[in-house]
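>>> sharing a model that was predicted from the sequence below.
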Amino acid sequence: MKYLEGLNAAQKEAVLHTQGPLLIIAGAGAGKTKTITHRIAHLMEEGIPASSILAVTFTNKAAGEMRDRVRALIPERRGGLPVIATFHSLGVRLLREFNEEAGISRNFSIWDHDDSLRAVRAELKRLETEEWTPRQILAAISREKGGGRTQRDYDERASTRREQMVARIWERYEQELATQNSLDFDDLLVRTLTLLRESPRTLSLLQNRWHYLTVDEYQDTSNVQYEMVKLLSNAHNNICVVGDLDQCIYTWRQAEIGNLLSFERTFPDAKVVRLEQNYRSTRTILAAANAIIEKNTNRIPKTLFSEGGTGDPIVVHGALDERYEAWFVAERATSLIERGVGPREIAVLYRENSQSRVLEEALLHAGLPYQVLGTRFFERKEVKDVLSYLRAALNPKSTNDIVRIAGVPPRGIGRVTLEKMFGGQPLGSATAKVVAFQATLASIRHAINTLPASDTVRFCIEASGIQNMYGGKTEEDAEPLGNVRELANLAVKYDSIEPPAGIERLLEEAALQSEQDELDMEKGKGGISLMTAHAAKGLEFDAVFIVGLEQGLFPSVRNDEGRDPEEERRLFYVALTRARKYVFLSYAFERTKYGTRERALPSEFISDIDQRLFAETESAPLQKKRGLLDDFYEIR
């Protein structure tokens, strides 16, 4: 069978198991996406209709890659492709399709993190309290929602002053969501689970629609996602989950490690397949990664191996301070580039975002191209402005969007006028301005309902006045204008979808774009990538620098509520296994924290690796071999 070509024995075993529960333990770089897509293609070749297959994962990037691979395996398949989506986009799809059963309007808006923070901040201001920050309150609400708990449940058991404050703000927060016909990120899952639980007809319809369910990155599922998966798969029991406990680094985002650990108890007749052959990293890198992760106890044992070469030793460097460490990175990156490694294939990973500043200075001084990944396309002001016009046109109740765009470009509609507008009061001299603004939104709404998605975005940019606002000849105008035009380019892929669904899909993508999706969009622009170890999950590079390996920094001493104590070790394991060929580990003997110089000790992770895997390197400050280094510190 052609779908077994190029697969190893374990991958073949997984692909051929088509009936009943299947647990695939897939190590880093072990070809899990290949296994999943070949299994889906095999199901379809065996006569299973594409419409009977559902696959869910966590990022748009992963879902897109799975769709592309399945399409390549079965290029002429009639009946289309299976549904391959993220959990959140699946939630949006179901809530729009069954909106009446869910008790919501079909044209609901999706709040992003900033929208949620704004609502919580407004309520804290109204209550005149500064005891807790909006982020702390919102994190508590999100944690409860992610666990499947409602505001009413939380209110009933709130005992401390803080819990009572959270319950009070949460109640007003939900009222504001309802007023604006909106759902937040957590609601997309919680409301979908409620729909499945409370509408037997809907659940039965979906169980009969999808006979085969595949779940990628199962170790990252929350309690709500677990319950969704369980309900959807109950009728036919043909569920395949793929995951790796060693790469579970999001317990602080409600990922429940027990979901994967308990899979065989939940599905007693489950078959278990381990994918342990790594196709990414050298044997040296894998030996280091295995040594790190085997010290964790809360895991399903596995050992990564490779049939490739041994590769270069791991370089470990101790620097005097973070500045010397940064120059070590710059010096070694220069050497790699001189040896033919492209800058885009080099990554510098750190534990905290604040570590990037001195690294940027060193790379800039060394004349090396770099990019700090994390400035998300859909969060750029001008892009959010266009998206807000589209959302407000679709959902006139979305006051957040109307407040945002009323003055973009300036049209003389201020706070007082907006308050009168929302309160249904006479507008006086501002009437003509508000009428013109509403006419603009009406024209955009007409475009959404009649034009292809990309044409709609172009019309919106023009009709809103954003085109003229950024239409100057200055350099400052060029970038924002280029960004909004790029949004129109992005919308082209939805042109084949009947209006208004095309724009709905674009807005859905913008709202649900994950950090990893954005990072992948930015990666490859030609520079060395600087990012947190968390952000690097799902990416790979020829060379990886892991900096700041000091006790208290990496591993971090942070003791966030709900944090798994073994997660720091898993995070370092993930960082190590991003590398194909070269790994550089560095630490500083002193580091400036909050303006104070502090002594530091090397991370325990370094001593956990067999020293025979290390290259001989200076365990002391770099010698000032180059004039550049002297210059670098003279300007400090």
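Sure thing, it's come through. Residues are numbered from 1 along each chain as shown.
>>> identify all contacting residues around stretch 306-321.
Contacts with stretch 306-321, where a contact means CB atoms under 8 Å, 6 or more residues apart in numbering, come from 277-279, 281-286, 288, 325, 328, 332, 581-592, 597, 602, 606, 609, 613-615, 617-622. For glycine as for every other residue, the C-beta is placed from the backbone atoms N, C-alpha and C.
>>> so which of the residues you listed sit within helices?
283-286, 288, 325, 328, 332, 606 (DSSP state H).
>>> just put the residues you listed in CSV and tack on distance to Pro396, pLDDT and neighbour count.
Listed next are the ones in helices among the contacts of stretch 306-321 as CSV, based on distance: CB to CB, whole Å; pLDDT from 0 to 100; neighbours: other CB atoms under 10 Å:
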residue, distance to Pro396, pLDDT, neighbour count
Arg283, 61, 98, 17
Thr284, 60, 98, 24
Ile285, 55, 98, 28
Leu286, 56, 98, 24
Ala288, 57, 98, 28
Glu325, 54, 96, 28
Phe328, 56, 96, 25
Arg332, 56, 96, 18
Ile606, 58, 96, 21
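>>> among these, which two are most distant?
Arg283 and Glu325 (27.4 Å; CB to CB).
>>> return the distance of stretch 201-211 from the chain's centre.
The chain centre lies 29 Å from the centre of stretch 201-211; the measure is CA atoms, centre = their mean, to the nearest Å.
>>> can you list contacts of the longest strand along the chain?
Identified as the longest strand of the chain according to DSSP state E is strand 579-588. With contact meaning CB under 8 Å, 6+ apart, strand 579-588 is reached by 280-282, 285, 288, 311-312, 314-322, 324-325, 328-329, 332, 336, 341, 540-550, 576, 600, 602-603, 606.
>>> and that strand, which strands flank it?
Paired strands of strand 579-588, with direction, are strand 315-319 (parallel), strand 541-546 (parallel) (DSSP bridges).
>>> for Ala511, find the nearest of these.
So among those, strand 541-546 is nearest, using CB to CB, at 28.9 Å.
>>> the closest one: how far from the chain's middle?
In this view, strand 541-546 has its centroid 21 Å away from the chain centroid, taken as CA atoms, centre = their mean.
>>> pLDDT averaged over that strand - what is it?
Averaged across strand 541-546, the pLDDT comes to 98.
>>> again with stretch 198-208
Here stretch 198-208 scores 98 as its mean pLDDT.
>>> quick check: which ranges of the stretch 251-400 of the chain have low pLDDT?
Within the stretch 251-400 of the chain, the ranges that satisfy pLDDT under 70 run 374-376.
>>> repeat the analysis, applying 80 as the threshold.
Filtered on pLDDT under 80, the stretch 251-400 of the chain yields the residue ranges 252-253, 373-376.
>>> can you give me the strands in it?
271-275, 315-319, 346-350, 370-372 (DSSP state E, counting those that start in this stretch).
>>> pick the most buried one from those strands.
Using mean count of other CB atoms under 10 Å, the stretch among these with the largest mean neighbour count is strand 346-350, at a mean of 26.
>>> paired strands for that one, with orientation please.
Note on strand 346-350: by DSSP bridges, its sheet partners are strand 528-532 (parallel), strand 541-546 (parallel).
>>> what's that strand in contact with?
329, 333, 336-337, 356, 359, 528-533, 536, 539, 541-548, 554, 575, 578.
>>> of those residues, buried ones?
Burial by neighbour count, 16 or more other CB atoms under 10 Å: within these this picks out 329, 333, 336-337, 356, 359, 528-533, 536, 539, 541-548, 554, 575, 578.
>>> Arg161: neighbour count?
9 (other CB atoms under 10 Å).
>>> and if you look at Ser262?
Each residue near Ser262 was counted by other CB under 10 Å, and the total is 12.
>>> repeat that for Gln19.
Neighbourhood size, Gln19 [other CB under 10 Å]: 10.
>>> OK, contacts around it?
Residues in contact with Gln19, defined by CB under 8 Å, 6+ apart, are Asn238.
>>> and what of Glu379?
Counted by CB under 8 Å, 6+ apart, Glu379 has contacts 112, 114.
>>> where's it relative to Glu131, distance?
29 Å (CB to CB, to the nearest Å).
>>> gap between Thr57 and Arg505?
In terms of CB to CB, Thr57 sits 17 Å off from Arg505.
>>> re earlier: nearest to Thr456 among the ones in helices among the contacts of stretch 306-321?
Nearest to Thr456 among these, counting by CB to CB, is Ile285 at 47.6 Å.
>>> got the phi and psi for the closest residue to Lys397 other than its chain neighbours?
Computed as CB to CB, 6 or more residues apart in numbering, the closest residue to Lys397 that is not its neighbour in sequence is Asn181, at 4.2 Å. Asn181 adopts backbone torsions of phi 50, psi 50, taken as degrees, to the nearest 10.
>>> now swap in Thr86 and tell me
Main-chain dihedrals, Thr86, degrees, to the nearest 10: phi -80, psi 160.
>>> do you know the pLDDT at it?
At Thr86, pLDDT is 95.
>>> for it, give me its contacts.
Neighbouring residues of Thr86 by CB under 8 Å, 6+ apart: 56-60, 62-63, 512, 514.
>>> need the CA coordinates for stretch 120-131. PDB is fine.
Provided in PDB are the C-alpha atoms of stretch 120-131 (Å, rounded to 0.1, in the frame of the first residue of the first chain):
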ATOM      1  CA  VAL A 120     -11.900  44.100  33.300                       C
ATOM      2  CA  ARG A 121      -9.900  47.300  33.600                       C
ATOM      3  CA  ALA A 122     -13.100  49.400  33.300                       C
ATOM      4  CA  GLU A 123     -14.800  47.400  36.000                       C
ATOM      5  CA  LEU A 124     -11.900  47.700  38.400                       C
ATOM      6  CA  LYS A 125     -11.900  51.500  37.700                       C
ATOM      7  CA  ARG A 126     -15.700  51.600  38.400                       C
ATOM      8  CA  LEU A 127     -15.100  49.800  41.700                       C
ATOM      9  CA  GLU A 128     -12.200  52.200  42.500                       C
ATOM     10  CA  THR A 129      -9.800  49.400  43.500                       C
ATOM     11  CA  GLU A 130      -6.200  49.000  42.700                       C
ATOM     12  CA  GLU A 131      -5.500  46.000  44.900                       C
END
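>>> now the closest residue to Tyr3 other than its chain neighbours: how far from Cys240?
Of all residues not flanking Tyr3 in the chain, His42 sits nearest, at 4.6 Å (CB to CB, 6+ apart). With distances taken as CB to CB, His42 is found 12 Å from Cys240.
>>> more neighbours: which of these two?
Neighbour count, other CB under 10 Å: between His42 and Cys240, Cys240 has more, with 28 against 22.
>>> helix, strand or coil for that one?
The local conformation at Cys240, judged by DSSP: H, G, I helix; E, B strand; the rest coil, is strand.
>>> the nearest residue to it once chain neighbours are set aside: how many residues sit nearby?
Of all residues not flanking Cys240 in the chain, Leu22 sits nearest, at 4.2 Å (CB to CB, 6+ apart). Neighbour count for Leu22, taken as other CB under 10 Å: 22.
>>> for Thr214, see how far away Leu22 is.
Distance, Leu22 to Thr214, by CB to CB: 9 Å.
>>> anything in contact with each of these two?
Residues touching both Leu22 and Thr214 (CB under 8 Å, 6+ apart) are 239-241.
>>> and of the residues you listed, the nearest to Phe87?
Val241 (12.9 Å).
>>> just to revisit the earlier point, pretty sure the residue nearest to Lys397 sits against Ser398.
Yes: using CB atoms under 8 Å, Asn181 makes contact with Ser398 at a distance of 6.8 Å.
>>> can you list residues touching both of these two?
With CB under 8 Å, 6+ apart as the test, Asn181 and Ser398 both reach Ser109.
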